[in-house]
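Novice: Mind looking at a prediction? Sequence and model below.
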Amino acid sequence: MKKTARSLFNARIRPVEVKDFAFIRSLAAEVPTFTVPSEYVLWFFTHFHPDYCRVLEQSTGDLRAYLLAMPTSKPTNGIALWQVAASTPDRTFALEYFAAYVREVVERTGAASVFFTTHENSASLRLIRLLAKQFGDCEVLQLDPVPAGQGEHEFRLSIGKIAQRTR
């Protein structure tokens, strides 16, 4: 376990590049409920929402995780997390890195909520719970089931006034 922790200390979160698409598609294919994004979808996300789409890269150049997200227009001032995935054995550490990054994005953009869809026991839900702890007493609220969502529900982390107090 210590070896894994040390390896991620030399990691950084950076914008997704075209050369990362194969890694993202391969890791997405390992998650049964994920849609494997086409190269066009990845280009679209990274071209129009570059601040919201990231990979976690070790100093060796190895990719360990990715995050695909975008701002929301309904409601305004929100962030929608589409996919977050990490390779084993680094999942926990990668999720903590991304929780810190999402917090930076929330603070920089003034987002009042973070939305995502997932199963009740998933990496995305763990990411949001980590994020909620960073903001204090935020609650992760389970909303409606997602139509044709393979048993997924929509969740929301309301930040609003809590994010404003931390600035």
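Specialist: Looks like it came in fine.
Novice: Leu131 against Ala111, yeah?
Specialist: No. Taking C-beta atoms under 8 Å as the definition, Leu131 is not a contact partner of Ala111, at 11.1 Å. Any C-beta I mention is one placed from the backbone N, CA and C, and that applies to glycine too.
Novice: so what's Glu17 up against?
Specialist: The neighbours of Glu17, taking C-beta atoms under 8 Å, 6 or more residues apart in numbering as the test, are Thr46.
Novice: What distance do you get for Leu56 to Tyr101?
Specialist: 9 Å (C-beta to C-beta, to the nearest Å).
Novice: What of Tyr66?
Specialist: Applying C-beta to C-beta, the value for Tyr66 to Tyr101 is 11 Å.
Novice: before we move on, what about Asp62?
Specialist: Distance, Asp62 to Tyr101, using C-beta to C-beta: 18 Å.
Novice: Those two: who's more crowded?
Specialist: Neighbours were counted for Asp62 and for Tyr101 using other C-beta atoms under 10 Å; Tyr101 has more, 18 against 13.
Novice: Quick check on the more buried one: phi, psi?
Specialist: Here is the backbone geometry of Tyr101 (degrees, to the nearest 10): phi -70, psi -40.
Novice: What sits closest to it if chain neighbours are left out?
Specialist: The spatial neighbour of Tyr101 that comes closest, neighbours along the chain excluded (C-beta to C-beta, 6 or more residues apart in numbering), is Ile13 at 5.1 Å.
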